[in-house]
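**Q** Pasting the sequence and the predicted model now:
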Amino acid sequence: MYITLDGVSRQYDSIWAVDRVTMGIGKNEFVSLLGPSGSGKTTLLRIIAGLEKPTTGRVLIDGEDVTDLPPHKRGVAMVFQEFLLFPHRTVSENLAFPLRMMKLPAAEIAERVAWVVGILSLGGLEKRYPNQLSGGQQQRVALGRGLVGRPKALLLDEPLANLDRELRQEMEVEIRRHQSALGIPFIYVTHNQEEALSMSDRIAVVRKGRIEDFAARTDIYDRPKTAFIAQFVGRSNRFEGTVDAAGRHVATRCGTILALPAPLTAGHAVQLFIKNEKLRLAPDDGTDGASHGANRLACTVKDVILRGAYADYILAFGDRELNASRPRSERAFLSGEAVIAHLNPEDIDLFDMDGERPS
């Protein structure tokens, strides 16, 4: 592993912001630290950068123990949520600033600035000031200032948080492309699951200072390790209940019976999650042969939210709501319409009440 965290913790007074984190990141990986506000992900990033010193544990970069090294001797760069561009300096001057602090020769500074301008498509903007740039252009300059020193790794702390949705999506593609071309690890902090899923090779889900799971983005989304991940990554419907005497069904608290993907011990208290897009809908008119049995829930459409190629359906089911997301190319349903929501047992993510997969 190119970057290794070995038992890293960080304590503030009686609070452990980071708690015994061990993980390794490859040289060509794009890794996201994903978690809610206050989970410890930014503290973890600052420890890698050298802006925070761990209370316990070690940080290794390219085989070197850098735990006690200051930030400027670690060979990494950091891009923050705020662009932090000097308003009185041009694009070229902003890009050259860290190189001047490194006291590099003028010819090398010019060569590196030209390199960054080329890879980030900043040509023609070199003499402009930050207030003459769009938000996306300012973000590229901030990214360029991190890359111009040719770091061993680039650390990004929610750099797209202040951009609008369309521009953020464009920058997600650009950042991913630049990481792939440069061949250095990018470590990206975000609370936005869409960003993490669109850019990352692997995602570390951070919760209460610990790594809940560190896996490929497809595994994080499709095969969540814990109930927290199932609820935090993607949008899901949640049920609670108790396994029946035969061990093959759950009697839920909302009064329905759900078939399980695999047998469990009778009397086992469980929680079940099914992602909104896995909830299938059919008209409640008998045309599909559906009966009101296990995994078939009689609902009424309360509202329909259009989201481009998809429609989100808010469903009334007894005294609670369910949510389904279906392609608009499928049959459309209207508010007030009676529907059957079908849950395929194989699409259900099943956990104990403590949030772990049943053994």
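**A** Arrived safely. Numbering: from 1, shown residues only.
**Q** what about Leu34, neighbour count?
**A** By other C-beta atoms under 10 Å, the residues close to Leu34 number 28. The C-beta positions use only the backbone N, C-alpha and C, and glycine is treated the same way.
**Q** tell me which residues of stretch 251-269 are tucked away?
**A** Burial within stretch 251-269, assessed by neighbour count using 16 or more other C-beta atoms under 10 Å, is assigned to Thr252, Thr256, Leu258, Leu260, Leu264, His268.
**Q** which helices and strands does the helix or strand encompassing Ala196 pack with?
**A** Per DSSP states H and E: Ala196 is located in helix 193-199. Contacts defined by 3 or more C-beta pairs under 8 Å, 6 or more residues apart in numbering; DSSP states H and E place helix 193-199 against strand 30-34, helix 165-182, strand 186-190, helix 217-222.
**Q** gap between the first one and the chain center?
**A** Taking C-alpha atoms, centre = their mean, to the nearest Å, one finds the center of strand 30-34 at 7 Å from the center of the full chain.
**Q** now swap in the second one and tell me
**A** In terms of C-alpha atoms, centre = their mean, the centre of helix 165-182 is set 15 Å apart from its chain centre.
**Q** Next, the angle from that helix to strand 30-34.
**A** 140 degrees (axes from the mean of the first three to the mean of the last three C-alpha atoms, to 10 degrees).
**Q** contact partners of stretch 119-131?
**A** Outside stretch 119-131, the residues within contact range by C-beta atoms under 8 Å, 6 or more residues apart in numbering are 83, 85-92, 94, 116-117, 133, 137-138, 140-141, 143-144, 147, 174, 178, 181-182.
**Q** buried subset of the residues you listed?
**A** 83, 85, 90-92, 94, 116-117, 133, 137-138, 140-141, 143-144, 147, 178.
**Q** So which of those residues sit within helices?
**A** When DSSP state H is applied, those are split such that 91-92, 94, 116-117, 137-138, 140-141, 143-144, 147, 178 fall in helices.
**Q** For those residues, work out which two are farthest apart.
**A** Maximum pairwise distance among those (C-beta to C-beta): 19.1 Å, between Ser92 and His178.
**Q** Could you pull up the contacting residues of Arg217?
**A** Contacts of Arg217 by C-beta under 8 Å, 6+ apart are Ala196, Leu197, Ser200, Asp201, Arg202, Ile203.
**Q** Can you show me the CA trace of the helix or strand Ile211 falls within as CSV?
**A** Using DSSP H and E, Ile211 sits in strand 210-216. The C-alpha trace of strand 210-216 is given here as CSV (Å, rounded to 0.1, in the frame of the first residue of the first chain):
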residue,chain,number,x,y,z
ARG,A,210,-14.2,4.4,13.0
ILE,A,211,-14.2,2.7,9.5
GLU,A,212,-17.6,1.0,9.2
ASP,A,213,-16.4,-0.7,6.0
PHE,A,214,-13.7,-0.1,3.3
ALA,A,215,-14.6,-1.7,0.1
ALA,A,216,-15.2,-1.3,-3.7
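**Q** Which other helices and strands does that strand contact?
**A** In terms of contacts (3+ C-beta pairs under 8 Å, 6+ apart), strand 210-216 is packed against strand 15-25, strand 202-207, helix 227-232.
**Q** Need the winner for burial among these.
**A** The highest average neighbour count among the helices and strands packed on strand 210-216, using mean count of other C-beta atoms under 10 Å, belongs to strand 202-207 at a mean of 24.
**Q** Tell me which strands that strand pairs with, and in which orientation.
**A** strand 30-34 (parallel), strand 210-216 (antiparallel) (DSSP bridges).
**Q** how about TSV for those, with distance to Val233 and mean pLDDT added?
**A** Below are the strands paired with strand 202-207 laid out as TSV (distance: least, C-beta to C-beta, whole Å; pLDDT from 0 to 100):
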stretch	distance to Val233	mean pLDDT
strand 30-34	7	98
strand 210-216	10	97
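**Q** Ok, which of those comes nearest Pro327?
**A** Set against Pro327 and scored by C-beta to C-beta, the strands paired with strand 202-207 come closest in strand 210-216, at 25.1 Å.
**Q** Hmm, Ser134 and Leu163 touching each other?
**A** No. Applying C-beta atoms under 8 Å, one finds Leu163 not in contact with Ser134, separated by 9.8 Å.
**Q** Between the two, tell me which one has more neighbours.
**A** Using other C-beta under 10 Å, the more surrounded residue of Leu163 and Ser134 is Leu163, with 18 against 11.
**Q** Show the contacting residues for the more buried one.
**A** Residues counted as contacts of Leu163 (C-beta under 8 Å, 6+ apart) are Gly135, Gly136, Gln139, Met171.
**Q** how close does the second one sit to His178?
**A** This means Gly136. In this structure, Gly136 and His178 are 14 Å apart, going by C-beta to C-beta, to the nearest Å.
**Q** go on, the third one?
**A** As for Gln139, its distance to His178 is 12 Å (criterion: C-beta to C-beta).
**Q** same question, His191
**A** Remark: distance between His191 and His178 (C-beta to C-beta) = 22 Å.
**Q** One more: Asp352?
**A** Asp352 is 42 Å from His178, by C-beta to C-beta.
**Q** Kindly state the domain boundaries assigned to this structure.
**A** 3-230, 235-352 (automatic domain parsing).
**Q** could I have stretch 309-320 exported to PDB, CA atoms only?
**A** C-alpha atoms of stretch 309-320 as PDB (Å, rounded to 0.1, in the frame of the first residue of the first chain):
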ATOM      1  CA  ALA A 309     -35.500   9.700 -16.400                       C
ATOM      2  CA  TYR A 310     -36.900   8.400 -13.100                       C
ATOM      3  CA  ALA A 311     -40.000   9.000 -11.000                       C
ATOM      4  CA  ASP A 312     -40.100   8.800  -7.200                       C
ATOM      5  CA  TYR A 313     -43.300   7.400  -5.800                       C
ATOM      6  CA  ILE A 314     -44.400   8.200  -2.300                       C
ATOM      7  CA  LEU A 315     -46.700   5.300  -1.200                       C
ATOM      8  CA  ALA A 316     -49.200   5.100   1.700                       C
ATOM      9  CA  PHE A 317     -48.900   1.700   3.300                       C
ATOM     10  CA  GLY A 318     -51.100   1.500   6.400                       C
ATOM     11  CA  ASP A 319     -50.000   4.200   8.800                       C
ATOM     12  CA  ARG A 320     -46.500   4.600   7.200                       C
END
